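J.: For reference, the sequence and a predicted model appear below.
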Amino acid sequence: MRVFLIFLQEVRPVKVLGILCMIDEGEADWKVVVIDADDKWAPFLNDIDDVDKYLPGQLDAIREWFRTYKIPDGKPPNVFGLGERFMDKAYALQIIKECNQSWKELITGEKERSMKDHSAEVQKLVRKLSKSNLVDMIDHMDNKDNLALNNDDDVDAPAF
């Protein structure tokens, strides 16, 4: 794997290799392991096991970086779920699909409409993440013309 400079908001083609489940404040914080499609190793790496095969120690280094990167801010080391194992590409793609579905439910307001039986506090929290609120947030961001929240291409979950 190599490190190279990409620009803020730049989108690069990548290959999903696997996923790591970090626990952040009691919730799963998924770390998707990818490789840039143009990387010289991309033809050899198709799943998480290939990383250990061709680049031994790289997954351990990734896990340790995620374990320790908040320590300089005075926070404790991060912990991981799933026995600290990296899960394979198929598992990662399923998590990505589920997260995309949850995002769609928030952005379309479907989640808010389904929360009628929940407390006012929960409804308020979901409303904060609704489409109208996200549009308001975008209006205050720099480079708002580069964002395509209402682009029809972003409405459907990717097919895997």
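T.: Thanks, I have the structure now.
J.: make it CA atoms for all contacts and neighbour counts henceforth
T.: Fine.
J.: Need phi/psi at the residue of the chain positioned farthest from its centre.
T.: Most distant residue from the mean C-alpha position of the chain: D117, 29.1 Å away (C-alpha atoms, centre = their mean). In this entry, D117 is assigned phi and psi values of phi -90, psi 0 (degrees, to the nearest 10).
J.: residue boundaries of the strands in this protein?
T.: Applying DSSP state E to the chain gives strands spanning 14-24, 27-36, 79-80, 86-87.
J.: any low-confidence regions in this structure?
T.: Scanning the chain for pLDDT under 70 picks out 1-4, 126-160.
J.: Try it again at 80.
T.: Counting by pLDDT under 80, the low-confidence segments of the chain come to 1-4, 109-116, 118, 122-160.
J.: quick one: the helices in it?
T.: Per DSSP state H, the chain has helices spanning 48-54, 58-68, 89-108, 110-113, 120-128, 131-139. These are given in chain order.
J.: Any idea which of those helices gets closest to G81?
T.: helix 58-68 (11.7 Å; C-alpha to C-alpha).
J.: Start and end of stretch 37-55, how far apart?
T.: Using C-alpha to C-alpha, to the nearest Å, one end of stretch 37-55 lies 17 Å from the other.
J.: Pull out the buried positions in that stretch.
T.: Counting neighbours by 16 or more other C-alpha atoms under 10 Å, one finds that the buried residues in stretch 37-55 are W41, A42, L45, N46, D47, I48, D49, V51.
J.: ok, so of the residues you listed, who is nearest A28?
T.: For A28, the closest of these turns out to be I48, at 19.4 Å, with distances computed as C-alpha to C-alpha.
J.: tell me the contacts of the closest one?
T.: The contact partners of I48, by C-alpha atoms under 8 Å, 6 or more residues apart in numbering, come to L17, G18, F86, M87, D88, K89.
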